[in-house]
Every structure is written in structure tokens, then in C-alpha cells.
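Asks: Let me see the structure of the following:
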Amino acid sequence: MQDRERRVLAQCDEVLDQTLEMTSDLVREYSVLGHERGALEVMEGWFERLGLPVERIPLDDPSLAQNPHHAPVDWPLGNRYNLVAALNPEASGPHLVFNGHLDVVPAEPTDTWTRPPWEPWQQEGWLYGRGAGDMKAGIAAMVMAVHAVRQAGVEIRLPLTLQTVIEEECSGNGALACIHRGHGGDFVLIPEPFGARIYSGQAGVVRFRVRVDGVPAHVLDTSAGSDAIETMQRLFPALKKLEAELNAERLPPYDVMAHPFNLNIGRFEGGNWASSVPAHAVIEGRIGFAPEASPASVMQRLVVAVQDAHVELELPGEPPRVDFHGFRSEGHLVDLESPGVCLLEACHRALTGRDAEHYLSTCTTDLRAFHVAAGVAGTCYGPVAERIHGVDERVNIESIRHTLKAYALFLCRWQQQVVAP
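Replies: Alright, predicted model coming up:
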């Protein structure tokens, strides 16, 4: 390891406390869908504090909606944006991107948490709070890695873009907006909380909604109505059957997993009064599928599954309405032989003394936007987190230190292999 690399790694140790401070500042902002502004303002403040340029990338750009990879959504986009810090945008040479998402999933019911989920706390080497792992610690590590490199006196001369985006948890349109504005780069690293492993692929994901209408009636004669909640429940086996079919069709490398493509009904709402037969029921969910399948084909199969079940089960009322909003994301496999991935492997060996494990994912990340929409190579590599999307989410502090060092070392070597020291 070169002397300047040792200086950079020593500086990473020096800025670890600031990295944890940034993580905690971001966790205090409960950045669920539609409420990301506080986290964005905190992030913008940190960029300015560190002397980094700031650009806002709006999500309501009309031309973004025309992008073939844009996911239609049914929530307002006005005054919603990503933050980008672009260093040396006019410089020649390969363009490196560090990308992370600021949005989090809801933590309710919050009375199940040890402490309020937006109040970060540390205990026995872990930092707790909603989004601490997924993925505010990763954002802090990637940003402070750039700061550590500069503080160590190493000049960054190639194009480097830091992206902190929203809507990773629901549509992927945040990362897509950055790419749409020309910030796609030539290689991307995303510090998702899967640990110090090379991310080798991810499943496709479609997000859907099904609505069933019933006939309301007073409970004095429930037979006079049609219970939409009961009807909806009878559709569930058809969705589970589709899930089984998608898993039965799996090909390498997913064939080594027993059940990689998961159906999840994440929301169920129906009825409006305890003594009225429910007049409506709505579910929202997501279903995973293999990289070989297209979102459109899976969407069509889901519609057919629901329609066929309505007929075969002789369910009452009009056929259920199926629509799609948010994720309609292709799966893909990472090119493990790409120069950037090979460089990351070398950085991992330099820091740990061993080869990195590979991680094949059953979910989706913003890596999809870079791979599918821009043809940009990249992977995920980040801290160790537990209970993401769950109660008492937490991230391992030493793994934050490792991520910080890995990204700083990667940045040094990325430009070293192109620009003479």
C-alpha cells in the first residue's frame, strides 16, 4: 500500500466521528415518502460544510416522465428533488459515481421500538434508528470518504459525482432523474447495507394494487350485501400460485436458491364501518421475478391471475381492478469482470487480506437504473445492518468505518490507474 493511501486511511479514522454525526443527523429526519425535505436540507448543509458543490435534480421534470424507464406514480412530485455534488464535471477521464438513497420506509407502529425510530442511539457497537442501516450510514460513509481523501492532501482530478436521492424505496425515479440529467457516469458504487460483499445481481420487482368493490348493507342482513374484504382474501391463493410459478421457472444463478422471488402484500385496507358490510377492499404489494423476465410480462401474468381467479371462483361483483404504480424494475446480473468491480475486489483484499464474498440479491436497488437505463457498470458494497425495514433497525459502527475506508481507497486507486500520481 502506498504512503498516500495510508494517509487517506488514517484520515478515515479521523473523520469517523463526523461520519456517525452525519448519520445521526440524517436519522433524525424521518424521511418517508413525501416527507424527505428535512433529510435533503440536512444533506445539503453537510455538502456545504464540507465544501462540496450542490445541485438539485427535480423529480417533476416533464421530460423525465417521457423516459421509457420512468415508473408512473400517483403521488405529487412538485418540489421534490435529489441532491448531487459533481466534482470536476468537465474533466476528461472515467466518471465515478457514489450513489445512495435518503428515503426510508415507515416505522409504524413506533411503540414497538425500544426508542422512537427517529431518535438515533448507540449501544454496544451499533447505531440504531430508522434508516440508520438502509441507508443513511452508507451515504455518510461515501461522502466522508471523499472528504478524507481531500483532507489527506490527495487531489481528486477525475469526474466524481455524489448522488443522494429519494424514491429508491418505491419507484427508482430518483436515481433515474440523475441519470436523465447526465449524471450516469462510467461506474457506480452504492453502499447498500449488505455488508462488505460484492453485489452480484438482483431480482426484478413489480409493485401492484388490486381493488375489489362489494355491496354495502346493514349488518341486520349481511346477505343483502357483498363483502369486499372476504372476496379479496379469496384472491390471495391465485397470487401465491403466480409466485410459485415464477420461482419454478428460475434459472442460474438463482437456481441455487429455494425461493428467491417473493410476493409480499404490504398493505390491506377495506370497509368503512364496523356495522356495514365492506363495500371495498384494496391491497398493495410487490412481486419479484427473474432477470430474464420483463416487468411487462409479469404485470400481464398478474392481471390474468386475478381475472382468472374471479371467474373460476365465481366471485361476486365486477372483476377486480389491477393497476401498477411505482416499481416496474428489471432484474439484472452484475458484470463481475468489469474493471470497477475488479478494482473493488482488490481494495477489499488490501483492507481485509482475503477475497470478497459475492451476494446475489432477491430485492432491487437503484443499481437497476444505472444498468438498465444507462448501461453503466456498478455494484453495491456497504455497511452491515440488521432489521432493515423492521423494528430497532441498526448498523454496525465498525462496518461503517470499513465502508468509509473502502470507498476512500477505491477513489484513490480509481484515479491512480488513469492519472499519474
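Asks: which residues of this structure fall in helices?
Replies: Ranges of helices within the chain are 3-14, 16-27, 37-49, 137-151, 173-180, 228-248, 295-312, 339-352, 367-368, 374, 397-416, based on DSSP state H.
Asks: Would you reformat those as TSV and include mean neighbour count and mean pLDDT?
Replies: (C-beta placed from N, C-alpha, C; glycine too.) Putting these into TSV (neighbours: other C-beta atoms under 10 Å; pLDDT from 0 to 100) gives the following:
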stretch	mean neighbour count	mean pLDDT
helix 3-14	17	97
helix 16-27	21	98
helix 37-49	18	98
helix 137-151	27	98
helix 173-180	27	97
helix 228-248	17	97
helix 295-312	16	97
helix 339-352	17	98
helix 367-368	24	96
helix 374	22	94
helix 397-416	23	97
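Asks: and residue 331, which of those is closest to it?
Replies: Of all those, it is helix 367-368 that lies closest to residue 331, at 7.6 Å by C-beta to C-beta.
Asks: What are the contacting residues of that closest one?
Replies: Judged by C-beta atoms under 8 Å, 6 or more residues apart in numbering, the contacts made with helix 367-368 from elsewhere in the structure are 172, 188, 190, 199, 202, 329-332, 334, 378-380.
Asks: just curious, which of the residues you listed is nearest to residue 62?
Replies: Of all the contacts of helix 367-368, the one with the least separation from residue 62 (C-beta to C-beta) is residue 172, at 18.4 Å.
Asks: quick one: that closest one and residue 354, what's the gap?
Replies: In this structure, residue 172 and residue 354 are separated by 33 Å, where distance is defined by C-beta to C-beta, to the nearest Å.
Asks: what about the helices of the chain, which gets the closest to residue 158?
Replies: helix 397-416 (4.6 Å).
Asks: what's the angle between the closest one and helix 3-14?
Replies: Angle of helix 397-416 versus helix 3-14, following axes from the mean of the first three to the mean of the last three C-alpha atoms, to 10 degrees, is 150 degrees.
Asks: now helix 397-416: how far from the chain's centre is it?
Replies: When distances are taken as C-alpha atoms, centre = their mean, to the nearest Å, helix 397-416 is centred 21 Å away from the chain's centroid.
Asks: So which elements touch it?
Replies: Contacts defined by 3 or more C-beta pairs under 8 Å, 6 or more residues apart in numbering; DSSP states H and E place helix 397-416 against helix 3-14, helix 16-27, strand 96-101, strand 126-128, helix 137-151, strand 187-190, helix 339-352.
Asks: Grab the nearest non-local neighbour of residue 33.
Replies: residue 170 (5.9 Å; C-beta to C-beta, 6 or more residues apart in numbering).
Asks: again, but for residue 222
Replies: The shortest distance from residue 222 to any non-neighbouring residue, by C-beta to C-beta, 6+ apart, is to residue 277 (5.5 Å).
Asks: separation between that neighbour and residue 50?
Replies: For residue 277, the distance to residue 50 under the criterion C-beta to C-beta works out to 59 Å.
Asks: Mind checking which of those two has more residues around it?
Replies: Here residue 277 and residue 50 are compared on neighbour count by other C-beta atoms under 10 Å; more neighbours surround residue 277, at 22 against 18.
Asks: pretty sure the more buried one is touching residue 229, no?
Replies: No. Counting by C-beta atoms under 8 Å, residue 277 sits too far from residue 229 to count as a contact (9.1 Å).
Asks: shared neighbours of the two, anything?
Replies: residue 214.
Asks: how does this protein divide up, domain by domain?
Replies: With automatic domain parsing as the criterion, the domains of the chain are listed as 3-202+332-416, 204-329.
Asks: residue ranges with poor pLDDT in the stretch 251-400 of the chain?
Replies: Within the stretch 251-400 of the chain, not a single segment meets pLDDT under 70.
Asks: Now do the strands for it: every range, in order, please.
Replies: Counting by DSSP state E, counting those that start in this stretch, residue ranges of the strands within the stretch 251-400 of the chain are 263-270, 280-289, 321-329, 332-333, 358-360, 377-380, 385-386, 394-396.
Asks: Make a markdown table from those and add mean neighbour count and distance to residue 60 to it.
Replies: Supplementary listing: the strands of the stretch 251-400 of the chain in a markdown table, determined by neighbours: other C-beta atoms under 10 Å; distance: least, C-beta to C-beta, whole Å:
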| stretch | mean neighbour count | distance to residue 60 |
| --- | --- | --- |
| strand 263-270 | 14 | 25 |
| strand 280-289 | 21 | 23 |
| strand 321-329 | 19 | 16 |
| strand 332-333 | 16 | 28 |
| strand 358-360 | 17 | 35 |
| strand 377-380 | 25 | 26 |
| strand 385-386 | 20 | 31 |
| strand 394-396 | 26 | 32 |
